[in-house]
Structures are given as structure tokens and as C-alpha cells.
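In: fold the following.
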Amino acid sequence: TVSNSGDVMANATAPTSLNPLGTGGLIPLSGPSPASVGLTGGATAWFTWTYSAAGTGNPGLSGGAGATDASTGNPVSSGLVSSNTIQVQAPASLLVQSVVAIPAVVGTGSQNITVVMTVLNAGQATAVNVSGTALTVSATGGAGNATYYSGPAPALVASLGGGQPTAFTYVYNATTAGTVAFSGGVLANDGNNSLTVTAVSALGNNVSIFAQAGLGVVSMTVAPAGTLSTGMPFTVVMTVSNTGQGTALTVTASSLAPFGSGTATLVATPVPVSGVSSVAAGSTEAFTYSYLATGAGVLGYSGNASGYNTQVPAGTVSAPVFATAAINIQAAAELAASAASLSTTVSVNQPFYVVVTVTDTAGVLGATAVGVSVTAIESQPAWALTYLGALTPTAWNLTPSAGAGSAVNSFTFLFRGAVTGTSPSPL
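Out: Reported below is the predicted structural model:
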């Protein structure tokens, strides 16, 4: 910037050549513009140069101006002045330092693969809007493959200073057995000139993917179905499926945990014997438990199965716990009988009635006694009683009720006395 502080016109006012100051280098590209001007008294002119930074540092420039006095024709000049210095930085330069995938061994569908890409700004200028590119999955052994799940996180780093690192995290799912590796790069802009900055893609470590077994209990059933009575045997069948890609070895059915107020005794452990079965991918295995119902109430069972994968060392695979539907166990029917004559004294050959009373004493939770009947009528040996036949009923069902706690019914039989005297009840 040049000013004429006098009153007379300064003709052909022009700047001198500029001299470099400080460290670093500046390469002139154009200027000054304009080359010269006439300055009236009190006027100001601006001269512009364009330079290119030639090296890192803190360069500056110094210079002055000269002109001709319009009145005298004598030359006039200013003193030298110095500019401020500027900082010239090396451009932002991104470097992928590492691509690390963990874990190094993983099963198909069992757990995720986490990939961390570490990036360094090896330049001096700040890199802005730094983002990780999509990763490339390479099969480095067999037909291994993994599918994208999430990332990068963070999605964008707004500013990354010179010499500073950052990291981007991705998550992938292992889908096909084999060996894979991940590679990726980075995009950004130079904070000084806005030019695009990229990093060369780098390949990470190998990840070994094995065919993972996946166990699940698909059903647990009780047979026979419906209400059971105490003393009845029953079975629980647990069907286990391998939903994974690999074979499950040494599949073991767990002990079953009972729930509810009913009780039962385990008669036989699972068949086939636990720990000897291997289940191929897509196949099922049924384990059968044998029980004997012992106590009335509601009863159910829960359990699961576990096994091992085929990789070395073998990893455990377990099925989630599954449960049966609850079954109802009733106390078995328990019959008690008593007999009484309806007449205390009868004549010889006079018919008389005997009533047999039958009670199901199983209680409120007891089972129904079906088709109850008195099967034999006998008199005492000392008395000659002729059985004339049963009247009613001939058979009955006895069902305990919640109010009474037991069930009662009576059967009537007709007899005739052959001798004199008092006959006891014929049972």
C-alpha cells in the first residue's frame, strides 16, 4: 500500500522489487498489478503480487516504492517496509496405519467381527471432513465371507490436525466358513486449500471363520397327553435342532427342572444317552425322559441341550431353555365299601334288601372312578341266604368334587333268608 503524503502529483509511482524475509520460500507468479500509477497529493494506491509457497516455514516480504515529483522532476522514494509472516504448512497427508479385525477366530452367525481402522494425518495442514470408506472383504482362504452390519463410527471427523491419529470402527457378521481379511481407506479435504485428500487402502489381518453349530429346543411334549393319575408312567420328549452350519458334537440333554405343585419320580435318564450324539446341520435329535406320577397337582418341566463345535479347540454351544406345557396330575381313585341290611328282622323266605355304599376317597384332586360296581355278593357260611339279584344301579362313575372332597354312591341288592334267626350283612 503506497500513499502520497505531499501536495504535488507523484508521477509513475511504482513498487520496488520485494525481498524475502523469514524461513521457507515464496515463488513469485505475477505482479505487481498495476505496474505503476500517478498519485495526487493525499491519494493511496494498492499493488498486488501473487506468490506460491515453495517450502514450509514462516516467510515474509519487504519492499518500498518510488516516483517522480511532477513539479521538479526529481525522483522520490519511500523507506522499506516489511510484511507480516505467514505459516506455510505441508499439505494434509492421510495414512492408514492399521486395519485390525477381532476376534481372529469366529463362528458363522455366532458373534460379530469388529474392524478398527486407525488413520494418521502425517501432514501439517489440518484435514477436515475426514471419513472412512466402505471396507472391502477379501476371501483369503476358502469361500469365507462376512456381511456389513454397521459403521464407520464415527461417521465423520470434522477436523484432524497435523500429526494426529483417529480411528473408525466397523462391524461385520460372519456368514460363510473360510478365511477373510478387510481393507479400507480414507477421504478428507485439506483445511488450507480444500483439495481432496485420500489415503491408500491397507489390508488387515486374517480372520478364520468356522462353520458354527446352533442348537435350539424346538419342542418338549408330555405323553400320554391329558390328565394323569398318580401311579401312571409318562414320558417327556425334548426335540433338539441344529440350526447352524456346522455339526454339533457330543450333544448333551440337561436334567429337567420341574415346576408346579405336582410331583413325579424320574425312572429313566434321557434316551439316547446324553453326550454320545452328534447332530448335523439342519438335523434334529429327540431325547426321551421316563417319569412316574407321584403327587397330585399341576406339573411341567424345562430344560435345554448343549454340545461342541467342530473347530479346535472346541467351543461350547448351548440351546436356550425351553419348557413343556403344564399337565394336571390327579390322585388315583381309592374305593371304600360298607354294607347294611334295610331290615333288622325278617321271616324265613322273606326277601330283604342290602345296601352297599361305595366311596371314592381320593379327595378333591382325585381321579374319577369309572364303571364302579359290586362284583361279588357272598353271605356268611352259617346262614343260608339266597341272592335274588342286584336292583340299581349296576355301575356308576364316582367323581370327587371341590365341595365334598370325595364321591359316594349306593348299590341295592335283594336277598331271601332260608332259616330262622337274625342274619348279618352278607358282605
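In: partners of the helix or strand harbouring Ala339 in the sheet?
Out: For Ala339, the enclosing helix or strand under DSSP states H and E is strand 335-341. If you go by DSSP bridges, strand 335-341 pairs up with strand 351-360 (antiparallel).
In: rounded mean pLDDT for the strand it pairs with, please.
Out: For strand 351-360, mean pLDDT is 67.
In: okay, strands next: where are they in the stretch 151-300 of the chain?
Out: With DSSP state E, counting those that start in this stretch as the criterion, the stretch 151-300 of the chain has strands at 157-160, 165-176, 178-190, 196-210, 215-223, 228-229, 233-242, 248-253, 257-259, 263-271, 277-279, 284-295, 297-303.
In: for those, which one sits closest to Ser93?
Out: strand 196-210 (7.0 Å; CB to CB). Where C-beta positions appear, they are placed from N, C-alpha and C, glycine not excepted.
In: just checking, what packs against that closest one?
Out: strand 94-102, strand 105-107, strand 112-121, strand 136-141, strand 145-153, strand 165-176, strand 178-190 (3 or more CB pairs under 8 Å, 6 or more residues apart in numbering; DSSP states H and E).
In: quick one: low-confidence ranges for the chain?
Out: Applying pLDDT under 70 to the chain flags the ranges 312-314, 333-335, 352-354, 356-427.
In: spatially central residue in it, please.
Out: By CA atoms, centre = their mean, the chain has its centre lying nearest to Gln111, at 8.8 Å.
In: wait, that one sits on Pro103?
Out: Yes - Gln111 is in contact with Pro103 according to CB atoms under 8 Å; the separation is 7.4 Å.
In: mind listing the shared neighbours of the two?
Out: Common contacts of Gln111 and Pro103 (CB atoms under 8 Å, 6 or more residues apart in numbering): none found.
In: which one is Ser93 nearest to, not counting chain neighbours?
Out: Of all residues not flanking Ser93 in the chain, Gly123 sits nearest, at 3.7 Å (CB to CB, 6 or more residues apart in numbering).
In: the one you found reaches Gln164, doesn't it?
Out: No - between Gly123 and Gln164 there is no contact under CB under 8 Å: 10.5 Å.
In: of the two, give the one with the bigger neighbour count.
Out: More crowded of Gly123 and Gln164, by other CB atoms under 10 Å: Gly123, with 22 against 14.
In: gap between the more buried one and Asn193?
Out: Distance check for Gly123 against Asn193: by CB to CB, to the nearest Å, it reads 12 Å.
In: need the residues touching each of these two.
Out: Pro91.
In: what separation is there between Ser254 and Val321?
Out: Distance, Ser254 to Val321, using CB to CB: 8 Å.
In: can you check Ile86 too?
Out: Going from Ile86 to Val321 by CB to CB gives 71 Å.
In: so which of these two has more stuff around it?
Out: Using other CB under 10 Å, the more surrounded residue of Ile86 and Val321 is Ile86, with 16 against 12.
In: let me see the contact set for the more buried one.
Out: 58-60.
In: ok, 7 Å please
Out: Residues counted as contacts of Ile86 (CB atoms under 7 Å, 6 or more residues apart in numbering) are 58-59.
In: can you list phi and psi of the closest residue to Val2 other than its chain neighbours for me?
Out: Once flanking residues are discounted, Val2 sits nearest to Ala65: 4.3 Å by CB to CB, 6+ apart. Torsion angles at Ala65 (phi, psi; degrees, to the nearest 10) stand at phi -150, psi 150.
In: for Ala65, give me its contacts.
Out: 2, 13-16, 77-78.
In: same question for Ala12.
Out: Ala12 touches 36, 67-68, counting by CB under 7 Å, 6+ apart.
In: at 8 Å instead, please
Out: 36, 38, 67-68.
In: dump these to JSON lines, plus secondary structure and distance to Gly6.
Out: Below are the contacts of Ala12 laid out as JSON lines (DSSP: H, G, I helix; E, B strand; the rest coil; distance: CB to CB, whole Å):
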{"residue": "Ser36", "secondary structure": "coil", "distance to Gly6": "17"}
{"residue": "Gly38", "secondary structure": "strand", "distance to Gly6": "13"}
{"residue": "Ala67", "secondary structure": "strand", "distance to Gly6": "10"}
{"residue": "Thr68", "secondary structure": "strand", "distance to Gly6": "12"}
